[in-house]
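In: this is a predicted model, with the sequence first.
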Amino acid sequence: MIVDYVRLEMVRLLRDPGYLVLSLVSPLTMYLVFTSLDLTGRPGPQGAAYSMVGMAGFGAVGAVMGNGVSIAEDKRLGWIRQLRLLPLRPFEAVAGRTLCAMAVTVPPIVSVCLAGALVNGVSLSVGQWASVLVLLWVGIAPMAVLGIGLGYLLTGQQAQMAGLVCYMGLSLLGGLWAPITRFPGWLERVATATPLNRYGELSWRVIGGDAPAPAGCLILVGWAVLFAVFAAYAYRRSARTV
């Protein structure tokens, strides 16, 4: 049943190509601007590689937060009420929407990485490229689940505002725009506990020739579990409001 549900949601998603285009154009434009401004404080290819990961992740976050807004709109239109006729448990509904949200992140991730290689000369081994692409895609799952929870819990306008705060605030605090080493000491310590810093760290370590840190992976998994509980709660609560 969950496979059929994912297929249904993907068909609906692909009927709105404008959403996919917007999720691609914004991070790609910002990547080209950020590398020209040298906001990372790192020389040449090193700074370009750092920004490449950051802006690819930033685009992925924007895509999954936008998915939360679409869920809130679906709730207003009665689509969620129709879905409740299907034998889907809350976990299955959240998992299905998470997979759909993650699918939308592929265009911004791939486009920014292509720009890094073709425009700014980012050079990685085949294994590093593959690892970066996979980690950027898999690692966005916690934020996808958060966006889904916001969509089930809030109205369309509220979900849009909450998604924007998470999108911009956590991206900036997590170091996707500039390294957290440039933050004040206390803020740097706070940043290391955020999901987006640990998300970006997965790929930043790979481009530096290291494996993802176990501690960082555990923190990211912890956020994923917390957000999954929140999303399941929001799904159940939405049953009383639609």
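Out: Yep, it's here.
In: from here on, contacts and neighbour counts on C-alpha atoms
Out: OK.
In: tell me the buried residues in the helix or strand residue 219 falls within?
Out: In this structure, residue 219 is located in helix 214-238 according to DSSP states H and E. Of the residues in helix 214-238, those with enough neighbours to count as buried (16 or more other Cα atoms under 10 Å) are 216-217, 219-221, 223-224, 227-235, 238.
In: helices and strands around it, which ones?
Out: If you count contacts as 3 or more Cα pairs under 8 Å, 6 or more residues apart in numbering; DSSP states H and E, helix 214-238 packs onto helix 90-104, helix 141-153, helix 195-207.
In: quick check: next helix or strand after the second one?
Out: To tie it back to what came earlier, the one meant is helix 141-153. Sequence-wise, the next helix or strand downstream of helix 141-153 (DSSP H and E) is helix 156-165.
In: which outside residues touch that next one?
Out: 65-66, 68-70, 72-73, 76, 147, 150-151 (Cα atoms under 8 Å, 6 or more residues apart in numbering).
In: endpoint to endpoint, stretch 150-158 covers what distance?
Out: The stretch stretch 150-158 measures 8 Å between its terminal residues, going by Cα to Cα, to the nearest Å.
In: cool, and stretch 206-213?
Out: With Cα to Cα applied, stretch 206-213 spans 10 Å between its terminal residues.
In: can you give me the buried ones in that stretch?
Out: Within stretch 206-213, the residues that count as buried by 16+ other Cα under 10 Å are 206-207, 212.
In: which residue is the nearest non-sequential neighbour of the residue nearest to the spatial centre of the chain?
Out: The residue lying closest to the centre of the chain (Cα atoms, centre = their mean) is residue 61, at 2.9 Å. Nearest residue to residue 61, sequence neighbours excluded (Cα to Cα, 6 or more residues apart in numbering): residue 167, at 6.2 Å.
In: what is the rounded mean pLDDT of the top helix by length along the chain?
Out: In terms of residue count, the longest helix belonging to the chain (DSSP state H) is helix 44-77. For helix 44-77, the mean pLDDT works out to 84.
In: tell me, how many residues neighbour residue 129?
Out: Residue 129 is surrounded by 17 other residues when neighbours are defined as other Cα atoms under 10 Å.
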